[in-house]
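>>> quick one: sequence and predicted model below, then my questions.
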Amino acid sequence: MASDPTPLLRVEGLRVSFTSDDGRVTAVEDVGFDIMRGETLVILGESGSGKSVSASVIMDILDRPAGRVEAGRVRLGDTDLLALPRAKRRAINGARLAMIFQDPLSYLNPAYSIGWQIAETLRIHATPGINPKARTVELLTRVGIPDPEQRQHWFPHQFSGGQRQRVMIAMALALSPELLIADEPTTALDVTVQRQILDLLKELQAETGMSILMITHDLSVAARMADRAIVMRRGRVVETGRLDRIAASPSHPYTRELLSAIPRLESDKRGGKSPTTDGPPLLEVRDLCKDYHVAGRGFGSARAMRALNGVGFTLMPGTVLGVVGESGSGKSTLARVLMRLESVTSGQALYGGQDILKLQGSALNRFRREVQMVFQDPFGSLNPTMEIERIICEPLALHPDILPRRQWRDRAAELLEMVGLEPAHLSRLPHQFSGGQRQRIAIARALALNPRLIICDEAVSALDVSIQAQVIELLADLRRKLGLSFIFITHDLPVVRSFADDILVMKGGAVVEAGDTDTLFANPSHPYTRDLLSASAIPEWMSQAVRASIA
Amino acid sequence: MSQIDHSSTPLARPAKGRGTMRILRALVQDRAAMIAACFLVLLILSATLGASLLASHASGVNMAMRNAPPQLSGGWAYLLGGDNLGRSLLARLVVGSRTTLGIAASAVICSMVIGATLGLIAGLRSGIVGDVIMRVTDVIMSFPALLTALIVLYLLGPSVANLVLVLAITRIPVYLRTVRAEVLEIRRRPFVNAARSMGASEFWVVRHHLLPLILPTLLTIASVDFAAVIIAESGLSFLGLGIQPPTFTWGAMVATGRAYLTQAWWVTFFPGLAIMLTTLSLTLLSNWLRLVTDPNQRWRFAKGGK
């Protein structure tokens, strides 16, 4: 970096505010950073920290007029971007600056072929000597799309999530930009695919010498990519510097909190192996199979797609079973089948000696009281029009014989306190809460009927790392206090390490490996498990530095 | 950034009127919507009180004032002129508003209730029941609304009840399809699954989770549809298939005045203007209502927002 002292991009004193219900709210305050040529700068922060807002100011895609740049300068080389008219900025966007997003599906136009969309950038910034068609094929080849001659005519929906992100990268690279802004580019992808995309970005950076501004909330992504990092919180930069230095000696308390998630994830929070109960198992699942019928094309007959293939496990009372797998592994189908939201093709699930898959009427109703579910999406799992009190009391209203109506409110207040919220929140609506708080509300709702088993389907996946740790802490606490059992479904292996007693690794609808957590982490036997473990791991240098600094 | 302040009183019941007050405040801030709302209030007053007060004036024939132009000298009655039989146009507009709005309101309510119910069923029952409902809707939609009206009214005879029936039937598909689409989307949301996993019945899900979310959309469509129904009814009355004399609506008034368009333009102009202003107000107001009830658009109404 010392070789070229002038930064490629310099952001200074940026302040952005948004209009909201309560007047103007400042989203970003006094944010500044430099990016050198060929360097990767990671902006690390949780949701609402203002990291995406800063990037959208650079790209001039701030949501206006709700958002407004109040102060600050963004210099690209010698030009002040904020002082330029929009037409000039458009000429810079795409050519010198390019951006890739978290969810490629919503940023690719479904009505055009991907080849057309990549060539679009080339046509807009018509450059002599570049043949859009040939360049498109060249780009697709470079980002690793097989058979690009053919597939340039395909449409976005014909690609997998990882391939769509590759297409987005090809599009961003079309005019060899000097700076690529990547806003959570791998967050929506499976861990193994995530690693491939990050590797691709690194390779491309080495080839073209472009700078990358990477926005992420994920420490392992940051550790893999960053030369330097800035940490943002509540719209302010709290830490700047080389990532290894930050890891070794964090100066801001928030950075320490963020980094402390690493040892927490790697340590064992269960306090040793939980007591092995000799009694009968709580739930015994045998040879579960589930076929979906996919309509055939044209007049073709329907095909069967096997979502679950001979899944079986035993859950002892008071223990936690982690179910790990990537998208399409059948883990969510398993949850839905056990909750009787979907039927099975064959198999048995014995709960207290009864096959719950055959329960009807009042017996099914009794079962529903004992088993509750917490869903992934804390924004979707609460009805936006209902007050928190009504949400938490819904199970009580559905099973009215448990508690007389006048005690509901007290019970709801008690449940809210149990999950770490205040009774005063009872009269609020879900949109007034953050993601982590909503997930706590969902947990309170699940606890309302005093269940024995809670199935968590990706219950912490949508949350920020530090919040994730808090919610798992809460669940572990509830387990100790109430003697609950959990089936904890996730795509993220490190998350369950601290919480689960046994782990089931699923792939393509079948169990590929099962065993107790310590053995599985220490000695994974299936190659797929090893893949998963290495893909999501934090690099050794970083966890060592963090352990040293925190100890 | 969602920050929660912890200042509110513990266990305080939410103020029931809070939402209404917020909407009223937003209404005062938006001038176009405010004028539209005032006009509609005036219209409701005229349809209820005014129509009862002026009933005799509206039918009082006065040949001396035949096709009299708008004037200030003849008192309030001929402010807007007289029609082809010398009846006060102003009084007739007021009395006509009762029939016009009455028919439109009944038709809209009928089609909304029937459409929403069938839409719910079609959305929840994807099997043969849903298919039958959707295909019948397709038939209604593919048949020109005016043609349906002509046939039905010709066969059953023109009366207020039949007019409402025809207008309602031709409007059902809009509600039905919207509700079905919303049901298909909302019933996949996690909170519906959460309720199901707790043992909620279909009825419970509809009552507590589907209807509260669909209702704002329904009301928005209804207010736009109200305008469309007024126009459709005016068209039918203009063709003589609507309301029969001595009862009349604004549409029938336009039809009467058509013969005198070159000598007495005001006989057609004022009822036409009333129709236009009513539909315009409704459209403005419903557009505003859609914005103000959508949390994503709410910033437009926040203080200091422009």
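Happy to help now that I have it.
>>> strands of the stretch 151-300 of chain A, residue ranges please.
With strands called from DSSP state E, counting those that start in this stretch, the stretch 151-300 of chain A shows them at A:179-183, A:211-216, A:228-233, A:236-242, A:283-294.
>>> adding distance to chain B, write those out as CSV.
Heads up, the C-betas are built off the backbone N, CA and C, glycines and all. Converted to CSV, the strands of the stretch 151-300 of chain A look like this (distance: least, Cβ to the nearest Cβ, whole Å):
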stretch, distance to chain B
strand A:179-183, 18
strand A:211-216, 16
strand A:228-233, 10
strand A:236-242, 12
strand A:283-294, 14
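>>> in a helix, residue A:308, correct?
No - Residue A:308: not assigned to a helix; according to DSSP: H, G, I helix; E, B strand; the rest coil it is strand.
>>> residue A:287 is in contact with that one, correct?
No - at 9.7 Å, residue A:308 does not count as touching residue A:287 under the criterion of Cβ atoms under 8 Å.
>>> so which of the strands of the stretch 151-300 of chain A gets nearest residue A:13?
Checking the strands of the stretch 151-300 of chain A against residue A:13 by Cβ to Cβ gives strand A:236-242 as the closest, at 11.0 Å.
>>> how about that closest one as CSV, C-alpha atoms only?
Listed next in CSV are the C-alpha coordinates belonging to strand A:236-242 (Å, rounded to 0.1, in the frame of the first residue of the first chain):
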residue,chain,number,x,y,z
ARG,A,236,-20.6,5.1,13.0
VAL,A,237,-17.2,3.6,12.3
VAL,A,238,-15.9,2.2,15.6
GLU,A,239,-12.7,0.5,14.4
THR,A,240,-10.4,0.7,11.4
GLY,A,241,-7.3,-1.2,10.6
ARG,A,242,-5.7,-4.4,9.4
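>>> sorry, back to before: between the strands of the stretch 151-300 of chain A, which gets nearest to residue B:41?
Among the strands of the stretch 151-300 of chain A, the nearest to residue B:41 by Cβ to Cβ is strand A:179-183 (48.8 Å).
>>> run the angle between the closest one and strand A:211-216 for me.
Strand A:179-183 runs at 10 degrees relative to strand A:211-216, counting by axes from the mean of the first three to the mean of the last three Cα atoms, to 10 degrees.
>>> re the thing from before, residue A:308 and residue A:287: which is more packed in?
Each of residue A:308 and residue A:287 has its neighbours counted (other Cβ atoms under 10 Å in any protein chain shown); residue A:308 has more, 26 against 12.
>>> excluding its backbone neighbours, what's nearest that one?
Counting by Cβ to Cβ, 6 or more residues apart in numbering or on different chains, residue A:290 is the residue found nearest to residue A:308 once chain neighbours are left out, at 4.0 Å.
>>> run a quick neighbour tally on that neighbour.
Here the number of neighbours of residue A:290 (other Cβ under 10 Å) works out to 22.
>>> that one contacts residue A:345, correct?
Yes - with contact defined as Cβ under 8 Å, residue A:290 reaches residue A:345; the gap is 5.3 Å.
>>> who touches residue B:84 in this structure?
Going by Cβ atoms under 8 Å, 6 or more residues apart in numbering or on different chains, residue B:84 touches B:66-67, B:256-257, B:259-260, B:264, B:267.
>>> lowest average pLDDT across the strands of the stretch 151-300 of chain A?
Lowest mean pLDDT within the strands of the stretch 151-300 of chain A: strand A:283-294, at a mean of 84.
>>> pull out the buried residues from that one.
Buried positions in strand A:283-294, judged by neighbour count with 16 or more other Cβ atoms under 10 Å in any protein chain shown: A:283-285, A:288-291.
>>> pull the CA atoms of it into PDB?
The C-alpha trace of strand A:283-294 is given here as PDB (Å, rounded to 0.1, in the frame of the first residue of the first chain):
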ATOM      1  CA  LEU A 283     -39.300 -39.200  20.200                       C
ATOM      2  CA  GLU A 284     -38.300 -42.100  18.000                       C
ATOM      3  CA  VAL A 285     -38.300 -41.600  14.300                       C
ATOM      4  CA  ARG A 286     -38.000 -44.700  12.000                       C
ATOM      5  CA  ASP A 287     -37.400 -44.800   8.300                       C
ATOM      6  CA  LEU A 288     -39.200 -41.600   7.300                       C
ATOM      7  CA  CYS A 289     -39.800 -41.100   3.600                       C
ATOM      8  CA  LYS A 290     -41.600 -38.200   1.900                       C
ATOM      9  CA  ASP A 291     -42.200 -37.900  -1.900                       C
ATOM     10  CA  TYR A 292     -43.300 -34.700  -3.600                       C
ATOM     11  CA  HIS A 293     -45.100 -35.000  -6.800                       C
ATOM     12  CA  VAL A 294     -43.700 -32.600  -9.400                       C
END
